[in-house]
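Participant: I would like the atomic coordinates for the input below:
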Amino acid sequence: MRADAARNLELLLTTGARMLAEDPAASIAAIAAEAGLDRRTVYRRFTSREELLSAVYQARLDAIEAAIDAARFHEAPVPEALHRYVQGIVRVNRTWPTDVSRMRSDPEIWARRQRAIEEVDRFIKRATIEGFLRAGLPARWPGSVLGSLLRLSTEDLSVLNDVQAADVIVGTFLRAFGTAKGAGPWR
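Facilitator: Predicted structure coming up:
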């Protein structure tokens, strides 16, 4: 893909993500206009609103998977991996603020989302085994709370940059679920 076409596609998808988060009924024409693109150009790439929506979710999942990879869940020290992951997902949520529940309609997208959740759950299990998080908590509860804190990053922490928002989220998460070992510096 040419560089200008790639830039236009990313602009279209990020604009679409933002507009669909604000108005789930946003039309392709409205998204194209907001992105400063001709709607005919957009319709050549996406023949339906559903195709555009699917591309937005695929791009969001690509970004989530990249944040998980960058966190290095399996080899980085737990506090470092947690902070990297949170900072990456804050960025994802701010760039791709789409409603995740809409992903259920596409089995491939939903399966990718579930794999990402399972990867985070394995990391939380590792953090618990290594003594950074309290043992004996209800299954999936820490991961669910972390996900909720991350969703708030697009709203309540919008005045903070990604690193500052990650500091607040990690601090809140570790105060709720951490041990004395997990109370140390997060970065």
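
Participant: in the chain, which spans are helices?
Facilitator: For the chain, the helices defined by DSSP state H occupy 3-22, 28-35, 39-45, 49-71, 78-95, 107-129, 141-152, 162-177.

Participant: for the residue of the chain most remote from its centre, which residues are in contact?
Facilitator: Each residue of the chain has a distance to the centre, and by CA atoms, centre = their mean the biggest one is for residue 40: 30.0 Å. Listed by CB atoms under 8 Å, 6 or more residues apart in numbering, the contact set of residue 40 is empty. (Each C-beta comes from the backbone N, C-alpha and C, glycine too.)

Participant: same check on residue 121?
Facilitator: For residue 121, the residues meeting the contact criterion (CB under 8 Å, 6+ apart) are 140, 143.

Participant: residue 32 too?
Facilitator: 12, 38-39, 41-42.

Participant: follow-up on the earlier one: most tightly packed of the helices of the chain?
Facilitator: helix 78-95 (a mean of 22; mean count of other CB atoms under 10 Å).

Participant: now do the domain split for the chain, please.
Facilitator: The record assigns the chain these domain ranges, following automatic domain parsing: 1-47, 53-183.

Participant: mind putting those into JSON lines with mean pLDDT?
Facilitator: Output for those, formatted as JSON lines (pLDDT from 0 to 100):
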{"stretch": "domain 1-47", "mean pLDDT": "88"}
{"stretch": "domain 53-183", "mean pLDDT": "90"}
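
Participant: how far is stretch 9-25 from where the chain is centred?
Facilitator: Relative to its chain's centre, stretch 9-25 lies at 15 Å (CA atoms, centre = their mean, to the nearest Å).
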